[in-house]
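Enquirer: What follows is a protein structure lacking sequence information:
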């Protein structure tokens, strides 16, 4: 046997109370059509509804003051005692749990509803990413000892010294080198020379670190120098010096590390959601606060083939222009303006061609589905499922579901969606709740673990505010609001942002701050603020289950009408912050938010 009344398990947003004019006008229209005096005679109206149910078995009954009360049979509302009004079945749309909505001019004005046309434009995907300048890793050289000996004179004795190939580094006394020089000189002095032995002696000197011109200068010499000059065989700046004058070195000892800065790299972090828009050869423009009002250009030469599991980013390498003009110079072609380890911001653009777009505000994204409200004719709005593409500035690309010239709602969407949800639930459309149960992790955004501490503090402060209002107290409210704002600012930090949906995530956090700006000098004002804040947090928590510390419950109060009347609590026993001690357990648990285990 079906129960007489049932509470909808759907996400019945009590936003309907903020547009009470809609429900009131709709109720009056239905009442006038059935009986001009129905509002004064509940019994007569109930009898009429019973008669209708006999001929229309699919008719549902709903309380006009408490839209979440829906029954299969005529009766009275268990909260206020008013007769339930018949609600005719509606045609199903391609968006589960949503129905078409018809509004009068007055109703559209009340919710400030505005529409815009779907456009086809040339879409340019632009995103900015952080990066760090690095030297070319293939141009790092280690100068090691060719043989054992004692450093008689250290010529390059400071780090950051610029060295070119052929420049003297140090003078060394080495018995091995001295003996090899004598052998070479003796072989090249006689009138009869053995070329094979000479080439062998010459090769040995090359392997001991001498250059061709040094060897040629000693050909046929009778006076062999006791020390020999060792020269650099690479270009670069001395980044590390491990040698001192008078030091005895052994073969293979590392003496200097040189880095050639003639070519610089910019290593940028690319979010995984943006990787599909990158390709090698793509042009990049970068800037740095160290060089204001100047842009540096380059090209992507490498994109890493793995993603960092903590930051959800992949590294990409950008090579700056201008390196080809300084092939024989170790000098930075950008001077001291660009140096290794400097921070830069890279701007990357991808031309996506002609695309259908809508304003970002027009899209309603529940996480596992996206839809818009299309204006079929003035005053009638139908939910339409869409397949979306990339986000470009304040627009979203539409892959399918809409055509150029369609008109979609972009202002008043949340209130329109609430009315659509209520009408669909009253008609018995339960497809939305079923799909949510089938995919409990459909709203994953990829919040990093670094955000956990800020999230914990955010929820702790929110529950402190709720507890204060439950106890009818506001003496600590200003301090709690300031603390909550600090928590919100911390969540906006770049290292705490999700891997995808960053724009919408930041916009949601901004909406929290807007709600905190409401007046709160009295208990009623504080409860109005809390209602608006809770409404925004509930929408955020439903779309971002990773932000939920543990399983939470969404509760609502049917008696509170000054603002949205929902709140979040951890307990299953009601503690109403809107009614406080007067009606502490007034209301009902509507939905449980399941925390995503990470």
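Expert: Arrived safely, thanks for sending. Quick caveat: nothing in here was measured; it's all calculated off a predicted structure. Numbering: from 1, shown residues only.
Enquirer: Where is the longest helix in this structure?
Expert: Criterion DSSP state H: the longest helix present in the chain is helix 523-543.
Enquirer: if you average pLDDT over it, what comes out?
Expert: Averaged over helix 523-543, pLDDT sits at 88.
Enquirer: Return the distance of that helix from the chain's centre.
Expert: 23 Å (C-alpha atoms, centre = their mean, to the nearest Å).
Enquirer: Report the buried residues of the next helix or strand after that helix.
Expert: The helix or strand immediately downstream of helix 523-543 is strand 552-556, counting by DSSP states H and E. Neighbour counts over strand 552-556 (16 or more other C-beta atoms under 10 Å) mark 552, 553, 554, 555, 556 as buried. Placement of C-beta: from N, CA and C, glycine included.
Enquirer: so who does the first one touch?
Expert: Just to be clear, that refers to residue 552. 541, 568, 569, 570, 592, 593, 595 (C-beta atoms under 8 Å, 6 or more residues apart in numbering).
Enquirer: residues near the nearest residue to residue 189 once chain neighbours are set aside, how many?
Expert: Closest residue to residue 189 apart from its sequence neighbours, by C-beta to C-beta, 6 or more residues apart in numbering: residue 220 at 5.0 Å. Neighbourhood size, residue 220 [other C-beta atoms under 10 Å]: 12.
Enquirer: quick one: which two of the contacts of residue 552 are the most distant?
Expert: Greatest spacing in those, by C-beta to C-beta: 569 and 595 (14.3 Å).
Enquirer: how about low-confidence regions in the stretch 51-200 of the chain?
Expert: The stretch 51-200 of the chain contains residues with pLDDT under 70 at 51-58, 66-68, 88-92, 191-192.
Enquirer: can you give me the strands for it?
Expert: 60-62, 69-71, 85-87, 101-102, 114-117, 119-135, 140-144, 149-154, 162-163, 168-173 (DSSP state E, counting those that start in this stretch).
Enquirer: swap in the stretch 451-598 of the chain?
Expert: Using DSSP E, counting those that start in this stretch, strands in the stretch 451-598 of the chain cover 552-556, 566-569, 588-593.
Enquirer: of those strands, which approaches residue 469 most closely?
Expert: Short answer: strand 566-569, nearest of the strands of the stretch 451-598 of the chain by C-beta to C-beta, at 8.9 Å.
Enquirer: just checking, what packs against that closest one?
Expert: helix 452-470, helix 523-543, strand 552-556 (3 or more C-beta pairs under 8 Å, 6 or more residues apart in numbering; DSSP states H and E).
Enquirer: Could you list the paired strands of it along with their orientation?
Expert: With DSSP bridges as the test, strand 566-569 is paired with strand 552-556 (antiparallel).
Enquirer: now the angle between helix 523-543 and the partner strand, please.
Expert: 130 degrees (axes from the mean of the first three to the mean of the last three C-alpha atoms, to 10 degrees).
Enquirer: Centre of the chain to strand 552-556, how far?
Expert: A distance of 27 Å separates the C-alpha centroid of strand 552-556 from that of its chain, computed with C-alpha atoms, centre = their mean.
Enquirer: Equivalent analysis for stretch 273-289, please.
Expert: Distance, centroid of stretch 273-289 to centroid of chain: 17 Å (C-alpha atoms, centre = their mean).
Enquirer: now do the same end-to-end measure for it.
Expert: When the termini of stretch 273-289 are compared using C-alpha to C-alpha, to the nearest Å, they are 27 Å apart.
Enquirer: Offset the numbering so it begins at 31, please.
Expert: Fine by me, first position is 31 from now on; the one you just mentioned is stretch 303-319.
Enquirer: Report the mean confidence score over that stretch.
Expert: The average pLDDT for stretch 303-319 rounds to 89.
Enquirer: Nearest to residue 376, out of the strands of the stretch 81-230 of the chain?
Expert: strand 149-165 (5.0 Å).
Enquirer: Could you find the closest non-adjacent residue to residue 389?
Expert: residue 440 (4.5 Å).
Enquirer: Which secondary structure element is home to that neighbour?
Expert: Using DSSP H and E, residue 440 falls in strand 437-441.
Enquirer: From the rest of the structure, what touches that strand?
Expert: Outside strand 437-441, the residues that reach it (C-beta under 8 Å, 6+ apart) are 142-148, 388-389, 391-392, 402-405, 411, 432, 446.
Enquirer: Now which of those residues would you call buried?
Expert: Neighbour counting with 16+ other C-beta under 10 Å marks 143, 145-146, 148, 388-389, 391-392, 402-405, 411, 432, 446 as buried within these.
Enquirer: and the two most separated of these?
Expert: Every pair of those checked by C-beta to C-beta; the farthest is 143 and 432, at 18.2 Å.
Enquirer: Now do the buried residues in the longest helix of the chain.
Expert: 555-573.
Enquirer: quick one: which of the strands of the stretch 481-628 of the chain is nearest residue 167?
Expert: Nearest to residue 167, of the strands of the stretch 481-628 of the chain and by C-beta to C-beta, is strand 618-623 at 47.5 Å.
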